[in-house]
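> Here is a sequence together with a model predicted from it:
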Amino acid sequence: MAKAKTVPQIMDERMAFSFEVFPPKTDKGMETLCGAGGVLDKLYTLNPDYISCTYGAGGSNVGKNLEVLKNIKASGKSVPITHFTCVGNSKEQIRQQLDDYLAAGIDHILALRGDLPLGHTGTGGDLHYATELVKFIRQELGDKFTIAVAGSPEGHISCRSLDADIGFLKQKQDEGADFIMTQLCWDMDQFRYWVDAIRAAGITLPIDVGIMPVLQASSTINMALSRNGCVMPRALSELISKYWIFPDPFSDQTALKFRTETDESIAQKKADFRKAGIEYTIKLIDEYRVAGIHGIHLYALNKFDDVAEIVKLSGLVDLI
Ligand code: FAD
């Protein structure tokens, strides 16, 4: 039987399209995602080239991560990619987990340092940066894995400079990475600048762009600012202001003593924001598709309806 194409091989032929899911914490969540007729089964109907599954820094959900990936593999409907981090992992533990992935037929990995747990100043493991992890995987296992690495168009939040960050991305390429998966970026001018800058620095890897659908004001603000320090362009900020839920979109309205919003006004604002956010996301995808990239990677957030609407309306599946 012919060997399935790797993701970079697919990207060599055409723009790839993929989803990201996360391992649910509960059995009920697992059933909703992986059970018969569940979210994964529905996502397969959109024919994604791959589905990646996140990895809890510190290995908190390793079992569930592997279970989700095994489900994707067993379906034969899409390539499973695991995210993997250095946080809290010794070299022996990393080797063991890599072997487990390979034994389960999972041979694509996103090699990350991982977000440091609150109050920590290091990974607490044997490896300290993604560069070291890529090197380790290649040393231990040769070409058994196709390796993706993270790229940050606005610069990683703790990098000394964008130039230094790009230098480390080049090192990831030199250690044997196969493609880049980007951090979310709504600032298209910055994205185009970064693409030119990494190409000028000798980075030739295909670029797969991570896109978080704009569906809820609170999660949009959270994703941009809780860890990543992302720019929110004026148009996106205007959307958030227009449908702002007072006093703030993070408050539990039912617990507020002096409410200014009715249940109806909250529901209406959420629905209007979602509609406008989907339009915003589709325009963003349009801009990315002509920005010299090789794939669109949508954070599915373990849901189907929202991403299906975006995928269909944007022409990622049905041509427009
Ligand atoms: P690195 O590339 O190691 O960079 C970290 C910082 O160190 C940067 O500031 C960089 O400039 C600097 N640096 C890099 N190499 C060196 C070096 N050799 N010497 C000195 N400085 C260096 N986190 C999770 O915990 N689980 C996930 O599943 C997950 N999925 C992700 C998926 C994507 C597509 C992206 C973009 C991120 C994801 N993250 C995830 C978050 C990621 O772990 C964090 O952004 C983390 O803080 C950095 O990871 P990295 O691989 O980019 O780190």
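The structure has been received and is ready for your questions.

> Number of residues surrounding Gln171?
17 (other CB atoms under 10 Å). From N, CA and C alone the C-beta is placed, and that goes for glycine too.

> Could you report the distance from it to Val134?
For Gln171, the distance to Val134 (CB to CB, to the nearest Å) stands at 8 Å.

> for Lys270, same thing?
41 Å.

> Kindly report the same for Leu313.
37 Å.

> Which of the two has more residues huddled nearby?
Counted by other CB under 10 Å, Leu313 and Val134 do not tie: Val134 has more neighbours, with 26 against 16.

> leaving aside the residues next to it on the chain, what's closest to the more buried one?
Glu175 (4.2 Å; CB to CB, 6 or more residues apart in numbering).

> who's in contact with that neighbour?
Taking CB atoms under 8 Å, 6 or more residues apart in numbering, we find Glu175 in contact with Thr131, Val134, Lys135, Arg138.

> tell me which residues of the helix or strand hosting the second one are tucked away?
Using DSSP states H and E, the element containing Val134 is helix 130-141. Neighbour counts over helix 130-141 (16 or more other CB atoms under 10 Å) mark Ala130, Thr131, Glu132, Leu133, Val134, Lys135, Phe136, Ile137, Arg138, Leu141 as buried.

> Kindly provide the whole-number mean pLDDT of it.
Average pLDDT, helix 130-141: 98.

> tell me which strands and helices it is in contact with?
helix 91-103, strand 108-112, strand 146-151, helix 162-175 (3 or more CB pairs under 8 Å, 6 or more residues apart in numbering; DSSP states H and E).

> Is there proximity between that helix and the ligand?
Yes - if you take CB under 6 Å from any ligand atom as the test, helix 130-141 does meet the ligand, through Ala130, Thr131.

> Now do that helix against strand 108-112, angle only.
140 degrees (axes from the mean of the first three to the mean of the last three CA atoms, to 10 degrees).

> Okay, angle between helix 130-141 and helix 91-103 too, please.
60 degrees.

> what's Val209 in contact with, if anything?
Val209 makes contact with Thr182, Cys185, Tyr288, Ile293, Gly295, Ile296, His297 under the criterion CB under 8 Å, 6+ apart.

> want to throw the residues you listed into TSV with distance to Leu239?
Listed next are those as TSV, based on distance: CB to CB, whole Å:
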residue	distance to Leu239
Thr182	22
Cys185	17
Tyr288	18
Ile293	24
Gly295	26
Ile296	21
His297	22
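
> Would you confirm that Leu40 contacts Glu31?
No - judged on CB atoms under 8 Å, Leu40 makes no contact with Glu31 at a distance of 11.1 Å.

> How far does the helix holding Val134 sit from its chain's centre?
Centre-to-centre, helix 130-141 and its host chain are 21 Å apart (CA atoms, centre = their mean, to the nearest Å).

> ditto for stretch 93-110
Centre to centre, stretch against its chain (CA atoms, centre = their mean), the figure for stretch 93-110 is 19 Å.

> cool, and stretch 304-314?
That offset, for stretch 304-314, works out to 17 Å (CA atoms, centre = their mean).

> I'd like the mean pLDDT over stretch 150-164, please.
Here the average pLDDT along stretch 150-164 is 97.

> same deal with stretch 256-265?
Averaged over stretch 256-265, pLDDT sits at 86.

> for it, which positions count as buried?
Result for stretch 256-265 [16+ other CB under 10 Å]: buried residues Glu261.

> The nearest residue to Ala16 once chain neighbours are set aside pairs with what?
The shortest distance from Ala16 to any residue other than its chain neighbours is 3.6 Å, reached at Gly295 (CB to CB, 6+ apart). Counting by DSSP bridges, Gly295 is bridged to Ala16, Asp208.

> neighbours of Gly295, just the number please.
Gly295: 25 surrounding residues under other CB under 10 Å.
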